[in-house]
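Student: let me see the structure of the following:
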Amino acid sequence: MIPAKDISKYQGAWQDTGEPIVMIKMSGGDDGLYMDSNAATNYSGAAAAGRAVGGYHFAGNTNAVAEATYFMQAMSPLAENDVYALDWELPVGTAGAVEWCQTFMQTIHDKIGVWPLIYMNLNTLNSYDWSPVLANCGLWLADWNNDPSGTINTVHSYVMQQYSDGPNYDHDEWFGTIEEFKAYGYHATNDPNNQAAPAPPPPPVEAPPVVVPEPATEAPNPIAPPPVTSTTTPSITTPRKPLIPTITITTVKRHWYDFVINFIKAVLKGI
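Tutor: Below is the predicted model of the structure:
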């Protein structure tokens, strides 16, 4: 359990008495719509002291939507982790009590995404079927006859108990951690007005055309360059064959003539 307190203008100027959780009366609807005269200084004092802060509206049972709207204005500007609560203290037998509270809670949730706590005493709790409200909202139960460490005769679960109205201010106990208390509070990520529009899906990306390579072909044989024409006679390095001597017809004839003469002379000498 974590000590808490709830305060309003009736406690006078802000005093930090050490409780980690401070519930502050911000507005009411029981005498027209009004803001508690100490709301601003109590809130700023609790926040400056590093306390977990909540604000509550004292129900007047006029127009639920109008009272819820006024309460949100009293709590503005919106602050992360601020807890909202409805203080329902109208007499048992008030017609439409559950429906009125449900409308009040739904209005706030639709606007800023918060389900407020609901404060009531044990007799009021046990006199109605509060299940439509308690399906979403945490119960802040006022019971001064039972110690917070004990068990209270109710079938409903409650997250905080106001167990005394003094000395000096109302005393409460929170049945959880500070983080669990803040979880009931305002969170920008749950605010319908802060939800960014979903990004449009990216346009389909067309696949690049598939380039089919042409079949490879053999490179053509290079064209031989034309012969170089030169006016200079190239030197011949290949050895030439020997030339055949020319025999003139005159020489051949003279040879046979001499042979015949010599033959005749030889024959005549032998005779």
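Student: would residue 25 count as being in a helix?
Tutor: No - counting by DSSP: H, G, I helix; E, B strand; the rest coil, residue 25 is not part of a helix but strand.
Student: how about the contacts made by it?
Tutor: 6, 7, 8, 9, 36, 39, 55, 56, 57, 58, 87 (CB atoms under 8 Å, 6 or more residues apart in numbering). C-betas here are computed from N, CA, C, even on glycine.
Student: residue 122 too?
Tutor: 141, 142, 143, 145, 152, 153, 154.
Student: again, 6 Å this time
Tutor: Residue 122 makes contact with residue 143, according to CB atoms under 6 Å, 6 or more residues apart in numbering.
Student: again with residue 51
Tutor: Residues near residue 51 by CB under 6 Å, 6+ apart: residue 22.
Student: ok, the closest residue to residue 32 other than its chain neighbours - how many residues close by?
Tutor: Among residues not flanking residue 32 along the chain, residue 60 sits closest, at 7.9 Å (CB to CB, 6 or more residues apart in numbering). If you count neighbours by other CB atoms under 10 Å, residue 60 ends up with 19.
Student: which helix or strand contains residue 60?
Tutor: Using DSSP states H and E, residue 60 sits within no helix or strand.
Student: what does residue 4 give?
Tutor: Using DSSP H and E, residue 4 maps to strand 2-7.
Student: repeat that for residue 100.
Tutor: helix 97-112.
Student: mind listing residues that contact that helix?
Tutor: By CB under 6 Å, 6+ apart, helix 97-112 touches 64-65, 68, 86, 88, 114-116, 128, 132-133, 137, 191.
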